[in-house]
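Q: okay, sequence plus prediction incoming.
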Amino acid sequence: MLKEFKEFITGGNVIEFAVAVIMAGAIGLVVKGFVNYIVMPFVGHFTGGMDFKDMKIVLDDAVVDAAGKVVSPENAIMYGSWINTLINLLIVGFVMFLIVKAYNKAKKPVEEAPSGPSQEELLSEIRDLLAKK
């Protein structure tokens, strides 16, 4: 069983999958940083300084006691954070599209195995051989 596990773990698919998961996590962090620190300030600039992450619909206000301590936190629908997440998804999807497109372009074209004569050519040969008899 140990030998089978060793063959499994050292197989190409497991290692390739592990590398893909690590790279996906790294790409996700890079894209998230790109969205939060580069794209969203531009979006905020063109929307009059609005920051999407602060956009919300308050369902219940926070309850504060006389000492200023929060007894019950605010209950709100944070739709601005959801908008940020959608923008992040679109950018990640676009980046992945570009990566796959570049990979497919760089991939060597698959050469077709040389095929034999077509069906018509074979039938023509048979006809010619029969005609000679």
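A: That came in fine, so what should we check first?
Q: who touches stretch 78-87?
A: Applying C-beta atoms under 8 Å, 6 or more residues apart in numbering, the contact partners of stretch 78-87 are 35, 36, 39, 40, 43, 51, 52, 53, 54, 55, 56, 57. Using the backbone N, CA and C atoms, a C-beta is placed for each residue, glycine as well.
Q: the second one: how many residues sit nearby?
A: Using other C-beta atoms under 10 Å as the criterion, residue 36 is surrounded by 14 other residues.
Q: pull the contacting residues for it.
A: residue 84.
Q: same check, this time on the fifth one
A: The contact partners of residue 43, taken as C-beta under 8 Å, 6+ apart, are 52, 87.
Q: do you know how far it is from residue 83?
A: Distance, residue 43 to residue 83, using C-beta to C-beta, to the nearest Å: 9 Å.
Q: what do you get for the first one?
A: Here the distance between residue 35 and residue 83 works out to 11 Å (C-beta to C-beta).
Q: between those two, tell me which one has more neighbours.
A: residue 35 (19 against 15).
Q: pLDDT value on the more buried one, please?
A: Per-residue confidence (pLDDT) for residue 35: 77.
Q: kindly report the same for residue 110.
A: What the model reports as pLDDT for residue 110 is 69.
Q: before we move on, what about the one 3 residues further on?
A: Residue-level confidence at residue 113 comes out at 64, pLDDT.
Q: the strands in this protein, which residues?
A: For the chain, applying DSSP state E gives strands covering 57-60, 63-64, 70-72, 75-77.
Q: quick one, helices of the chain?
A: 2-9, 12-34, 40-46, 79-106, 119-132 (DSSP state H).
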